[in-house]
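Student: sequence below, structure please.
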Amino acid sequence: MFDAKKEASDDLIHAAIQPEVLPAEQFRGAMRATAKPAFSSQVYAIGVTDARLILVPIDRKLAPKGAAVSIRPPDILKTSVDGFGGGLSHFLTADWGDIRLDTSDKNYKFMALGGGMARPTSPSPGQASTEASSSTPRGGRRPPTERW
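Tutor: Alright, predicted model coming up:
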């Protein structure tokens with residue numbers, strides 16, 4: 001029962017991100033996370049490609065509800081996961097499960113809600129399928145081999 005709901009949820013998250021993936025990009029996977037501003041929260045589908053992160057705001061039914069934000073590696077000034085890797089300021093203000101990205105335009109603080117970072121998907125038009133992505137089990141994780 002829970003596996004079927006998780007699979008359906010993963011499918012909706014991937015469907016929210018897939019239209020934003022360019023034909024030349026390799027879609028690596030996706031996750032769901034809550035942004036933690038001061039007095040409200042927003043759930044995002046976060047997609048990972050070989051060239052950028054794609055942040056898509058989603059509603060309670062996991063459908064896109066706003067414009068996507070694209071973040072490329074040169075745009076990222078500082079990052080941390082659970083306070084590790086971002087410097088003392090990120091470490092002191094982190095909760096377990098925090099993912100922080102600081103860019104020149106905005107600072108993002110997310111609480112991970114779940115999702116598989118690596119999962120086989122059908123390639124978008126013009127995108128070549130790779131053996132690595134098709135050999136990863138659905139919802140499974142594989143060790144990172146490069147920055148993205």
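
Student: verify the stated contact: Met111 with Asp82.
Tutor: No: if you go by Cβ atoms under 8 Å, Met111 and Asp82 don't touch, sitting 10.7 Å apart. The way it works is simple: take the backbone N, C-alpha and C, and place the C-beta from them, glycine included.

Student: can you give me the strands in this protein?
Tutor: With DSSP state E as the criterion, the chain has strands at 27-35, 42-49, 53-58, 69-71, 76-81, 98-103, 107-114.

Student: the ones you listed into TSV, with extra columns for mean neighbour count?
Tutor: Below are these laid out as TSV (neighbours: other Cβ atoms under 10 Å):
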stretch	mean neighbour count
strand 27-35	21
strand 42-49	22
strand 53-58	21
strand 69-71	16
strand 76-81	15
strand 98-103	19
strand 107-114	16
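
Student: nearest to Asp11, of those strands?
Tutor: strand 27-35 (10.3 Å; Cβ to Cβ).

Student: list the buried ones in the longest helix anywhere in the chain?
Tutor: Ordering each helix of the chain by length in residues (DSSP state H) puts helix 2-17 first. Across helix 2-17, burial judged by 16 or more other Cβ atoms under 10 Å covers 10, 12-14, 16-17.

Student: low-confidence stretches in this protein?
Tutor: Counting by pLDDT under 70, the chain contains low-confidence ranges at 1-2, 38, 83, 86-96, 114-148.

Student: run the last query once more with 90
Tutor: 1-10, 29-42, 78-101, 108-148 (pLDDT under 90).
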